[in-house]
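Colleague: give me a model of this one.
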Amino acid sequence: MGCTAPIGDYTGLNFGMQFMAPSLSNEALERLAALVAAETYLDVARWHLYVNDAKLDRAVAEVCYGLIAANNVTPATVADGLRQIEVTLGGGKTTLSLWDLVPATAIARLTDALQEFAE
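Modeller: Alright, predicted model coming up:
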């Protein structure tokens, strides 16, 4: 049973996601969001936009927490989680998954950091 949660509208970008995660304390979510913010960025024409600057860190943290809670943090599941987060660009002209915008090296770093966080 998943739910669609609008993430926000920041500087002309709309974000939405589908996720399944148990509830967690705000403090734990903020710690996880800080970890996500340090490890994850969008690569747009070699310009690195970290997910916290795009106001996506909390959305990514919520998806990642579901993986941690299920004890299922792998490169494939992290990539699948990023695919669930939609990023609308160009004032609604196109929509891409966050996975399309995050380079493989950043996904690998995020996966490693999540595995450490889970321990």
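Colleague: going forward, measure contacts between C-alpha atoms and count neighbours the same way
Modeller: OK.
Colleague: okay, and the helix or strand of the chain with the least pLDDT?
Modeller: strand 3-10 (a mean of 37; mean pLDDT, DSSP states H and E).
Colleague: hmm, Leu35 and Ala113 touching each other?
Modeller: Yes: contact criterion CA atoms under 8 Å: Ala113 and Leu35 qualify, at 7.4 Å.
Colleague: what distance do you get for the spatially most central residue of the chain to Lys93?
Modeller: The C-alpha lying nearest the average C-alpha coordinate of the chain belongs to Val60 (CA atoms, centre = their mean; 2.4 Å). Computed as CA to CA, to the nearest Å, the Val60 to Lys93 distance reads 23 Å.
Colleague: ditto for Ala61
Modeller: 27 Å.
Colleague: who has more neighbours out of the two?
Modeller: For Ala61 versus Lys93, the count of surrounding residues by other CA atoms under 10 Å is larger for Ala61: 23 against 7.
Colleague: in which helix or strand would I find the residue nearest to the centre of the chain?
Modeller: helix 57-69 (DSSP states H and E).
Colleague: following that helix, which helix or strand comes up?
Modeller: The helix or strand immediately downstream of helix 57-69 is helix 75-83, counting by DSSP H and E.
Colleague: could you dump that following helix to PDB, C-alpha only?
Modeller: In PDB, the C-alpha atoms belonging to helix 75-83 read as follows (Å, rounded to 0.1, in the frame of the first residue of the first chain):
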ATOM      1  CA  PRO A  75      22.400  -0.200  -4.900                       C
ATOM      2  CA  ALA A  76      19.400  -1.500  -6.700                       C
ATOM      3  CA  THR A  77      16.800  -0.600  -4.000                       C
ATOM      4  CA  VAL A  78      18.300   2.800  -3.500                       C
ATOM      5  CA  ALA A  79      18.100   3.400  -7.300                       C
ATOM      6  CA  ASP A  80      14.500   2.200  -7.300                       C
ATOM      7  CA  GLY A  81      13.700   4.600  -4.500                       C
ATOM      8  CA  LEU A  82      15.200   7.500  -6.400                       C
ATOM      9  CA  ARG A  83      13.100   6.500  -9.400                       C
END
